[in-house]
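Enquirer: Sequence unavailable; structure follows:
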């Protein structure tokens, strides 16, 4: 009987934790509802400027606040991704989620960072793109499968960005 009560208490505690996390995520999304709509994907994109960058979309945070994840507009969903750079902007195609298009006019800069959105990987392990969504400045993080591609990507983005 004691063992049964202990199991029930553990299951209830786990359920309570999961419910709290779900409510927190939902409430964060409500607080971020004022964010502008994501830019539409253009009908036609120019050829890619670099070979696609394959890796993991880490997430998006408010600029210079590496743990303040943005969950509104689907920006909080971590997923495998392929990134391509076009004359019009950056296209982040995520598995299981809507693509994200960052027009070059909204991209401020790119840099390497050790952490973003609660993911810590070590010095220079993430490529972070700083951009504007309406009046809000955001940071979007990507972890490439091949880190040797970072320098050419950061250079190419910064050459085309509105620095």
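Expert: Everything's here; your move. Since the structure is predicted, the reported quantities are computational estimates derived from the model, not experimental observations. Numbers count the residues shown, from 1 in each chain.

Enquirer: Tell me how far whichever strand or helix holds residue 84 lies from the chain's centre.
Expert: For residue 84, the element it lies in under DSSP states H and E is strand 79-85. The chain centre lies 10 Å from the centre of strand 79-85; the measure is Cα atoms, centre = their mean, to the nearest Å.

Enquirer: Start at 52, not 1
Expert: Sure, I'll start numbering at 52, so the last one becomes strand 130-136.

Enquirer: by contact count, what packs against it?
Expert: Applying 3 or more Cβ pairs under 8 Å, 6 or more residues apart in numbering; DSSP states H and E, one finds that strand 130-136 makes contact with strand 104-113, strand 140-145, helix 201-211. Backbone N, C-alpha and C define where each C-beta goes, glycine included.

Enquirer: Could you list the domains of this protein?
Expert: Each domain of the chain is listed here as a residue range: 52-82, 104-211, per automatic domain parsing.

Enquirer: Quick check: which of those domains is nearest to residue 91?
Expert: Ranking those by their distance to residue 91 (criterion: Cβ to Cβ) puts domain 104-211 first, at 7.1 Å.

Enquirer: mind checking the end-to-end distance for that closest one?
Expert: By Cα to Cα, to the nearest Å, the extent of domain 104-211 from end to end equals 17 Å.

Enquirer: Rounded mean pLDDT for that domain, please.
Expert: When pLDDT is averaged over domain 104-211, the result is 93.

Enquirer: quick one on the thing from earlier: with mean neighbour count as added columns, please give the domains of the chain in JSON lines.
Expert: Output for the domains of the chain, formatted as JSON lines (neighbours: other Cβ atoms under 10 Å):
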{"stretch": "domain 52-82", "mean neighbour count": "10"}
{"stretch": "domain 104-211", "mean neighbour count": "18"}
